[in-house]
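In: What follows is a protein structure lacking sequence information:
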């Protein structure tokens, strides 16, 4: 009896040891700033490209993303200069349910739905959302191109103290495929944010650059959380010299 128990324990131990480990996720940020206008004696008007790439250490399918928090420098965010759209209207009527002036940007995304489909492409449209607890919110409509799947995201922007001026927290829903197959994973996305609204009777951009730039540049950070419990952080810096065509 003792021999059988020993053999069983040994086989179980070997089986556990030989089981393949899940690959570690890898994360990186996509950031760039374009100078739109450089009015004399006023903050510079800018457009921002923001996104992320998610992979794994062995090239396999990444874990499903559950939350992403972006940390930004101390820019000016003029969300109050734009009309807002509600998440319920966006879900009910799509982009047509939102006021025209609430659109803030567009972008793209890649979704890993393997073994069924990889990659799936999605178009992203960003809208100004309603204020929530005194904070600005942004809505994201992601429409897959190869399959009839639409994803809705809502991020909340909050002011920060310390080295960052704002953080944008974005929960991600699970993306089911078909019964018996694993959920899809976001592997890449980016949004180009560039829009103008009206505030106090004048035309203003959504984003204006910080009035100062610490060496070596403006720092961005992304904190990633995944449904399997993994977490990750990525950082990048944009240099103080902005490119564009000043007016």
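Out: Looks like it arrived, so ask away. These figures come from a predicted structure and were not determined experimentally.
In: Mean pLDDT per helix and strand in this structure: which one sits at the bottom?
Out: helix 2-18 (a mean of 39; mean pLDDT, DSSP states H and E).
In: Helix or strand: which one has the residue nearest the centre of the chain?
Out: Centroid check for the chain by CA atoms, centre = their mean gives residue 51 as the closest residue, at 5.4 Å. For residue 51, the host element (DSSP states H and E) is strand 45-56.
In: Which strands or helices does that strand pack on?
Out: The contact analysis (3 or more CB pairs under 8 Å, 6 or more residues apart in numbering; DSSP states H and E) places strand 45-56 against strand 25-37, strand 65-72, strand 185-193, strand 202-205, strand 207-208, strand 218-226. From N, CA and C alone the C-beta is placed, and that goes for glycine too.
In: Over that strand, what's the mean pLDDT, rounded is fine.
Out: Throughout strand 45-56, pLDDT has a mean value of 96.
In: same check, this time on stretch 163-178
Out: Averaged across stretch 163-178, pLDDT comes to 93.
In: Could you check that stretch and say which residues are buried?
Out: For stretch 163-178, the neighbour count (16 or more other CB atoms under 10 Å) marks 164, 165, 166, 167, 168, 169, 172, 175, 177 as buried.
In: Could you do stretch 106-116 as well?
Out: Within stretch 106-116, the residues scored as buried using 16+ other CB under 10 Å are 107, 108, 109, 110, 111, 112, 113, 114.
In: Tabulate those residues (TSV), appending secondary structure.
Out: Below are the buried residues of stretch 106-116 laid out as TSV (DSSP: H, G, I helix; E, B strand; the rest coil):
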residue	secondary structure
107	strand
108	strand
109	strand
110	strand
111	strand
112	strand
113	strand
114	coil
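In: just to revisit the earlier point, quick one: the strand holding residue 51 to strand 65-72, angle?
Out: Orientation of strand 45-56 against strand 65-72 (axes from the mean of the first three to the mean of the last three CA atoms, to 10 degrees) gives an angle of 140 degrees.
In: Partner strands of strand 45-56, with direction?
Out: Taking DSSP bridges as the criterion, strand 45-56 pairs within the sheet with strand 25-37 (antiparallel), strand 185-193 (antiparallel), strand 207-208 (antiparallel).
In: For residue 215, which of these is the nearest?
Out: Evaluated over the strands paired with strand 45-56, closeness to residue 215 peaks at strand 25-37, with 16.5 Å, by CB to CB.
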